[in-house]
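Undergrad: sequence plus predicted model, see below.
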Amino acid sequence: VEKMKEGRRRGAAAWIEQQKGVKELVLDNCRSTEGKIKGLTDEFEELEFLSTINVGLTSIANLPKLNKLKKLELSDNRISGGLEVLAEKCPNLTHLNLSGNKIKDLSTIEPLKKLENLKSLDLFNCEVTNLNDYRENVFKLLPQVTYLDGYDRDNKEASDSDAEGYVEGLDDDEDEDEGEYDDYAQLVEDEEDEDEEEE
């Protein structure tokens, strides 16, 4: 059984490796190992959108250098700090979603000041949102941010074009990639089913 699991993990990593020229990569619900997603390296030079929702990350220290990355989805992980690496590894981020992580105070998000292009930040379901004057203080701390949790300083909701502005210039070839993603998703799903059977 262990050999089968390792084979599937290698298969998933090989699938990721084959995607190096893509601009968008969705790895939601994959498993991270020791803060790394196997196969995700700095060779993904063209990547502009990366989604790693619910992959079990506790740290982003092992995130590869992705200079062209504009939108990063990290929601529903267990990240509690270490955000300073984002300015070094993803200096052109415009949209960052940290919803559902273990971010408790403003000092944790202070390193995001260095992300000069950051326009949209989501912190839904993080403890930091319970602080007094949370929104006002985040906008003071990060003056470059236009939208916090989907709303601007005047509590006006971000329009769809503002919320999804990162896709400008991306090719609309979702249908082409869908089959490949479905194959990968099935690999991950099979691996999770095996893990549940063992328990």
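TA: Ah, there it is. Just so it is clear, the model here is predicted, and its values are computed rather than measured.
Undergrad: give me the low-pLDDT residue ranges for this structure?
TA: 1-20, 161-199 (pLDDT under 70).
Undergrad: so what's the residue minimising distance to the centre of it up against?
TA: By Cα atoms, centre = their mean, the mean C-alpha position of the chain lies nearest to residue 73, the distance being 2.6 Å. Counting by Cβ atoms under 8 Å, 6 or more residues apart in numbering, residue 73 makes contact with 28, 49, 50, 51, 52, 53, 97. From N, CA and C alone the C-beta is placed, and that goes for glycine too.
Undergrad: show me just the buried residues among these.
TA: Buried by 16 or more other Cβ atoms under 10 Å: 49, 50, 51, 52, 53, 97, out of the contacts of residue 73.
Undergrad: need these in a markdown table with secondary structure and distance to residue 88, can you?
TA: Output for the buried ones among the contacts of residue 73, formatted as a markdown table (DSSP: H, G, I helix; E, B strand; the rest coil; distance: Cβ to Cβ, whole Å):
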| residue | secondary structure | distance to residue 88 |
| --- | --- | --- |
| 49 | strand | 19 |
| 50 | strand | 16 |
| 51 | strand | 21 |
| 52 | coil | 18 |
| 53 | coil | 23 |
| 97 | strand | 19 |
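Undergrad: could I get these as CSV with distance to residue 132?
TA: Below are those laid out as CSV (distance: Cβ to Cβ, whole Å):
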residue, distance to residue 132
49, 34
50, 33
51, 32
52, 31
53, 29
97, 24
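Undergrad: of all those, which two lie farthest apart?
TA: Distance extremes for those: the farthest pair is 49 and 53 at 12.3 Å, using Cβ to Cβ.
Undergrad: strands of the chain, start to end?
TA: Counting by DSSP state E, the segments of the chain that form strands are 24-26, 49-51, 71-73, 95-97, 120-122, 147-148.
Undergrad: so what touches the shortest one?
TA: Under the contact criterion Cβ under 8 Å, 6+ apart, strand 147-148 has outside partners 119, 120, 121, 122, 123, 135, 138, 139, 158, 162, 163.
Undergrad: which among the residues you listed end up buried?
TA: Among these, those buried by neighbour count (16+ other Cβ under 10 Å) are 119, 120, 121, 122, 123, 135, 138, 139, 158, 162.
Undergrad: reformat those residues as a markdown table; add distance to residue 80.
TA: Formatted as a markdown table, the buried ones among the contacts of strand 147-148 follow (distance: Cβ to Cβ, whole Å):
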| residue | distance to residue 80 |
| --- | --- |
| 119 | 24 |
| 120 | 21 |
| 121 | 16 |
| 122 | 16 |
| 123 | 13 |
| 135 | 21 |
| 138 | 17 |
| 139 | 22 |
| 158 | 26 |
| 162 | 29 |
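Undergrad: just give the nearest non-adjacent residue to residue 34, would you?
TA: In space, and not counting its chain neighbours, residue 34 is closest to residue 62: 7.8 Å by Cβ to Cβ, 6 or more residues apart in numbering.
Undergrad: do the same with residue 145
TA: Among residues not flanking residue 145 along the chain, residue 121 sits closest, at 5.2 Å (Cβ to Cβ, 6+ apart).
Undergrad: circling back: could I get the strands of the chain as TSV with distance to residue 105?
TA: Shown next, in TSV, are the strands of the chain (distance: least, Cβ to Cβ, whole Å):
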stretch	distance to residue 105
strand 24-26	30
strand 49-51	26
strand 71-73	21
strand 95-97	17
strand 120-122	15
strand 147-148	16
